[in-house]
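# predicted model and sequence below, questions to follow.
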Amino acid sequence: MKVHQFLKISESMPPQPNVLTRNIGDAILYHSNPIFRAIRDKTIAFKYRFTTRDPMNYFSSPFLALGEIKKRKLLPYLTNINTLYTLEKTRPNIFTLDDVKGMRINFNSSAVHECCHVIASEILMSNSEKSKITSNNKKQKEKEFLLDAMLEEAFADSTELLSSIYNKTEAQKFSAFYNTYIQCSDEENSLLASCLKRYGYFHLAQACIYISLITHFMCKGIDSKDILGLKKLYPENPVFSLKSNIERDRNLLFKLFERRISPFRIKLDEIFFRFNGVSLYKSQIHSLDPIKFMHSLPSKYLISVDEMIRIILVRKSK
Ligand SMILES: [Zn+2]
């Protein structure tokens, strides 16, 4: 597809106040992807604003800026579509979307990923206040901070993964390339779609969040002990059954999330925790069982996970 064709599709989208028109693919995804739209609308409903200014140096170091983003309720983004207009204006009808990908234009990680962080954070905070959890124990507080951070991450990764099912055309896939960390191949998308049919949206989303959480927390595969813990927590979810044909689907989900656990990211998580004053040792973090811990604070964690899923729940009619 040529750049000018993509720009034409983008410009043909109906105007919408929640769309960032200067972000590549934003209008296309907002109108064609129900998950992208739900995340954008909820972020704005939580009174977050998007800005082209970057007062917290987000684009220099996104993960160090996360605390400031939440404090200021401000999400910086880049007006990266201007680059496509420059290409087209200077050399009309020459460049293709593949050429653009080769240019490595900066993508807007704030369009979906950081929105998921702030949505999950708002939900966790509100349920923590409602259930009046106030611990003075430093270690307990640190464990909660860790779990909140990892749950935000798991929600973000699960949202991106599930949203990829809806990106079918070349223009939609190109838009996703500039707005999400996770993109799936056509084959992976059809496997995900068949899981969706078999298990239903709610159960699949629930499985994604927990599999992603365990994968990140332990940096290991899902074993039968984890599945038994999840089965006890959610006996009605078929993805947590011990049957061998379901294990295949679980492994597929695990493999899709595993890609995000590079040595680079593990190091980043570690620095993020130290930056936020967590003094637990690596070994203590890895020995923390997230499922058990969440089970000990159900009015905060289990309710929050359900609320997160309801935000990205796609009804069949859409
Ligand atoms: Zn993140």
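Received the coordinates, thanks. Residues are numbered from 1 along each chain as shown.

# SS state for residue 184?
Classification of residue 184 using DSSP: H, G, I helix; E, B strand; the rest coil returns coil.

# what count of nearby residues applies to it?
Neighbours of residue 184 under the rule other Cβ atoms under 10 Å: 20. (Each C-beta comes from the backbone N, C-alpha and C, glycine too.)

# now residue 85
When neighbours are counted by other Cβ under 10 Å, residue 85 registers 14.

# does it really touch residue 4, like I thought?
No. Between residue 85 and residue 4 there is no contact under Cβ atoms under 8 Å: 9.9 Å.

# residue ranges with poor pLDDT in the stretch 1-150 of the chain?
Low-confidence segments of the stretch 1-150 of the chain, defined by pLDDT under 70: 133.

# what ranges do the helices span in it?
Using DSSP state H, counting those that start in this stretch, the helices of the stretch 1-150 of the chain run over 3-11, 26-32, 34-45, 62-72, 81-90, 97-103, 113-130, 138-163.

# can you state the direction angle for the fourth one and helix 138-163?
In other words, helix 62-72. Interaxial angle of helix 62-72 relative to helix 138-163 (axes from the mean of the first three to the mean of the last three Cα atoms, to 10 degrees): 100 degrees.

# that older thread, let me have the helices of the stretch 1-150 of the chain in JSON lines, adding distance to residue 176 as columns.
Shown next, in JSON lines, are the helices of the stretch 1-150 of the chain (distance: least, Cβ to Cβ, whole Å):
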{"stretch": "helix 3-11", "distance to residue 176": "13"}
{"stretch": "helix 26-32", "distance to residue 176": "7"}
{"stretch": "helix 34-45", "distance to residue 176": "8"}
{"stretch": "helix 62-72", "distance to residue 176": "18"}
{"stretch": "helix 81-90", "distance to residue 176": "15"}
{"stretch": "helix 97-103", "distance to residue 176": "12"}
{"stretch": "helix 113-130", "distance to residue 176": "12"}
{"stretch": "helix 138-163", "distance to residue 176": "8"}
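
# buried residues, the helix or strand hosting residue 209. List them.
Using DSSP states H and E, residue 209 sits in helix 201-218. For helix 201-218, burial by neighbour count (16 or more other Cβ atoms under 10 Å) applies to 201, 203-218.
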